[in-house]
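1. I'd like to go over a predicted model; first the sequence, then the structure.
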Amino acid sequence: MSDDPVTARLMRQGLPVFIALASFLLVVAVMAALYFGRDILVPVTLAILLSFVLVPAVRLLRQIGMPRVPAVLLVVVIAFGALVGIGTLIANEAAQLAADLPRYQITMREKITALRGATASQGTLSRIIDMAQDLGAELQPAPTGEAAAKPGTPDHPLTVEIKAPKAGLIETFGTFAGPILHPLATTGLILIFTIFILLQREDLRNRMIRLAGSGDLRKTTAAIDDAASRLSRFFLAQLALNIAFGLVIGIGLWMIGVPSPTLFGVLAAILRFVPYVGAAISALLPLVLAAAVDPGWTMMIATAALFLVVEPIAGHVIEPLLYGHSTGISPVAVILAATIWTFLWGPIGLVLATPLTVCLVVLGRHVERLWFLDVMLGDQPALSPPEIFYQRMLANDPAEAIDQGREFLRERALVTYYDEVALAGLLMAQEDRSRGTLDRDRQDQVGAAIRSVVTRLGEARVRRRIGKGSPRIGSTETAAAVAAAGPDRQVAAIVLSQDDLAPAWRGKVPVLCVSSRGPFDEAATLMLSQILGRHGLASEVVSMAALRAGERPEHSNFALICFSYLEPVSLSQIRFTVRQARAAVPGVRILVGFWRERDPATLDRLRRATSADILATSLNDALAAVLEASRLPAAPTSAPVQGAPALLPEPAAAAASA
């Protein structure tokens with residue numbers, strides 16, 4: 001590497017470009033290899049995926065005592081025998097249907113004539129039918145006999161036809177045998193590969209572990225087991241669902257009276273392996289045949305209704321229950337994968353798109369260097385809720401964060417949303433501020449967006465049901481303050497009335513909330529004030545800068561002063577601020593909120609170092625402690641809240657403030 005600092009800087013700046021170019025070339029090379037090597041890769045891929053379906057049957061035979069080789073051969077023979085039987089059934093039914101088609105031509109002509117007569121006054125549809133008839137006339141063979149013009153006349157010039165020489169025996173054999181031998185060769189390769197994969201399954205697994213890296217056997221084994229379980233569940237569930245779909249369609253067509261219902265039932269089961277369009281394609285032939293068989297339109301309407309009812313039930317009700325969450329890929333990834341694999345491998349790629357994408361997602365989930373595959377194709381959220389919250393604040397688009405909060409409030413309490421999402425997002429903003437990546441204007445913009453979210457969510461009213469064991473103190477209850485079942489604390493359901501408060505807390509505004517510095521601390525303080533107000537404790541919010549500038553709160557006789565810190569300054573400065581507050585308001589209690597997670601073992605030391613009565617690291621802790629401190633001493637209380645911060649005894653608090 002060059003010692004020139006300018007050259008080194010240019011190389012560092014150009015490194016992302018080289019990495020992007022190398023990644024692009026790698027993707028192009030892989031796609032080219034997949035495209036040009038499809039004749040070999042397709043049979044191998046089909047054999048591997050088929051082995052995932054057959055492995056449970058082989059294991060079952062091994063458990064009952066059958067040796068490996070006979071078990072594998074028996075399962076493979078049964079599977080390929082079933083495939084050959086299905087193919088033979090399709091061929092016989094198709095031949096029978098083709099023999100019966102001439103009988104339906106008269107009915108179709110009569111329907112076209114009737115449809116044309118009924119739409120004679122309908123300009124657009126009539127022109128479409130006329131165009132279809134004109135195209136049919138153009139496709140008819142040229143007239144012969146007297147009706148045809150004589151060759152050599154101006155109306156019929158001489159036609160010169162150039163014929164290729166008569167093909168030899170080898171060329172003729174290649175022309176007719178090629179379309180037959182190629183599928184047979186592919187089927188033979190799939191059969192051979194499937195047998196050897198099932199026979200050498202453990203050896204192949206060990207080789208994959210060796211290639212992936214035997215240094216971390218736990219991670220490699222987890223990846224292989226995850227891929228195998230996901231694919232097995234996916235294939236077995238899809239196979240069962242599609243067979244059931246084909247049975248229902250076949251029985252329905254038989255009851256309607258459509259000819260060859262067995263053929264169309266089998267085709268429906270097979271074509272439904274093609275995502276999104278398979279069921280629609282399988283409905284086309286039965287609809288056309290129903291229109292050709294029935295002189296009226298009843299059979300066609302009944303056939304259309306059958307597919308319109310069965311497919312949504314299978315696709316939107318049964319399918320999500322069976323394997324909607326087992327594949328782990330997003331709907332957009334399914335569409336993208338279907339497009340790419342169809343381009344590379346044709347129709348067979350469309351069928352294999354979903355299982356191959358599942359394999360890529362599993363690799364991205366367990367191999368660190370391929371993490372981007374899980375992000376691009378997986379169904380897990382790309383950003384966490386706090387990251388989404390902060391990103392929307394940076395984009396000055398709080399609407400999405402408000403919607404996210406309202407969805408959260410359907411199941412959880414508002415104080416929990418502030419703790420788990422909003423405060424976590426504020427901490428990200430504070431870290432960017434500390435690094436100097438947010439200028440003053442951007443800080444004010446983000447702070448204003450967060451305040452708008454807090455204000456809008458504070459106005460929301462979410463209806464919930466309270467369990468019988470939930471505490472109810474006071475006669476006033478706001479729906480948004482009620483806690484949902486689950487991890488939310490019981491204390492979040494408490495709304496205090498004046499009768500529940502200690503005498504010192506019965507003032508009009510018993511709590512003063514002071515934000516330390518900056519718009520982010522101000523937003524956190526606004527959250528704390530809003531939460532206390534929703535539980536019966538009105539508060540006033542003021543900034544530390546305003547107090548130092550000589551501004552005084554509108555109210556007095558506070559029972560509690562809350563200091564809020566996202567990124568606390570020195571403990572000595574906090575202790576000095578607390579002493580000033582005690583001197584200004586004698587007898588007041590002090591809460592210090594450090595909204596950054598800390599080691600619980602150090603909480604007591606920090607509490608004594610800051611001379612605070614209450615030290616909280618989350619809004620839930622702060623709410624629990626304030627509600628406990630504000631009640632009448634003789635008032636019945638709810639069950640102790642596990643993890644709520646304990647208050648210092650009065651003597652200890654006095655000693656700490658001395």
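-> Done, it's in.

2. buried ones in the helix or strand containing R607?
-> Counting by DSSP states H and E, the element that carries R607 is helix 603-610. Judged by neighbour count (16 or more other Cβ atoms under 10 Å), helix 603-610 contains these buried residues: 603, 606-608, 610. In this view, the C-beta of every residue, glycine as well, is placed from N, C-alpha and C.

3. V288 and L101: what is the separation?
-> V288 is 10 Å from L101, where distance means Cβ to Cβ, to the nearest Å.

4. Please give me every residue in contact with Q498.
-> R506 (Cβ atoms under 8 Å, 6 or more residues apart in numbering).

5. Now the residue nearest the centre of the chain. Nearest residue, chain neighbours left out?
-> Nearest to the mean C-alpha position of the chain, by Cα atoms, centre = their mean, lies D379 at 3.1 Å. Nearest residue to D379, sequence neighbours excluded (Cβ to Cβ, 6 or more residues apart in numbering): S330, at 4.7 Å.

6. contacting residues for that neighbour?
-> With the criterion set at Cβ under 8 Å, 6+ apart, S330 makes contact with 377-379.

7. for it, phi and psi?
-> S330 adopts backbone torsions of phi -80, psi 160, taken as degrees, to the nearest 10.

8. what does S564 give?
-> phi -110, psi 130.

9. Give the burial count for it, as a bare number.
-> 29 (other Cβ atoms under 10 Å).

10. picking up where we left off before, nearest to L10 among the contacts of S330?
-> The closest of those to L10 turns out to be L377 (Cβ to Cβ; 35.2 Å).

11. Look up how far V277 lies from that closest one.
-> 20 Å.

12. Repeat that for L21.
-> 36 Å.

13. cool, S384 as well?
-> S384 is 35 Å from V277, by Cβ to Cβ.

14. Quick check, A424 in contact with P386.
-> Yes - between A424 and P386 there is a contact under Cβ atoms under 8 Å: 3.5 Å.

15. returning to what we had before: please convert the buried residues of helix 603-610 to a markdown table, extending it with distance to V258 and pLDDT.
-> What follows is the buried residues of helix 603-610, written out as a markdown table (distance: Cβ to Cβ, whole Å; pLDDT from 0 to 100):
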| residue | distance to V258 | pLDDT |
| --- | --- | --- |
| L603 | 75 | 70 |
| L606 | 78 | 75 |
| R607 | 80 | 72 |
| R608 | 85 | 71 |
| T610 | 82 | 77 |
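
16. possible to save these as JSON lines with distance to Y390?
-> Below are those laid out as JSON lines (distance: Cβ to Cβ, whole Å):
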{"residue": "L603", "distance to Y390": "26"}
{"residue": "L606", "distance to Y390": "26"}
{"residue": "R607", "distance to Y390": "30"}
{"residue": "R608", "distance to Y390": "34"}
{"residue": "T610", "distance to Y390": "28"}
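
17. any idea which of the residues you listed is closest to A549?
-> The nearest member of the buried residues of helix 603-610 to A549, counting by Cβ to Cβ, is T610 at 23.6 Å.

18. what sits against that closest one?
-> Applying Cβ under 8 Å, 6+ apart, the residues near T610 are 571, 574-575, 578, 592.

19. ditto for L101
-> Shown in contact with L101 (Cβ under 8 Å, 6+ apart): A292.

20. Roughly how far does it sit from G587?
-> For L101 relative to G587 (Cβ to Cβ), the value is 99 Å.

21. Then A79?
-> For A79 relative to G587 (Cβ to Cβ), the value is 84 Å.

22. From the neighbour counts alone, determine which of these two ranks first.
-> A79 (16 against 9).

23. hang on, that one packs against S51?
-> No - counting by Cβ under 8 Å, A79 stays clear of S51, with 10.3 Å between them.

24. how is this protein carved up into domains?
-> 14-114+180-199, 216-377, 391-657 (automatic domain parsing).

25. For A382, grab phi and psi.
-> Dihedral angles of A382 (phi, psi; degrees, to the nearest 10) stand at phi -70, psi -30.

26. Tell me how many other residues surround the nearest residue to it once chain neighbours are set aside.
-> Spatially, and ignoring its direct neighbours in sequence, A382 is nearest to V375 (5.6 Å; Cβ to Cβ, 6+ apart). Neighbourhood size, V375 [other Cβ under 10 Å]: 14.

27. Same check on G278?
-> 21.

28. residues in contact with it?
-> Here G278 is in contact with 271-272 (Cβ under 8 Å, 6+ apart).
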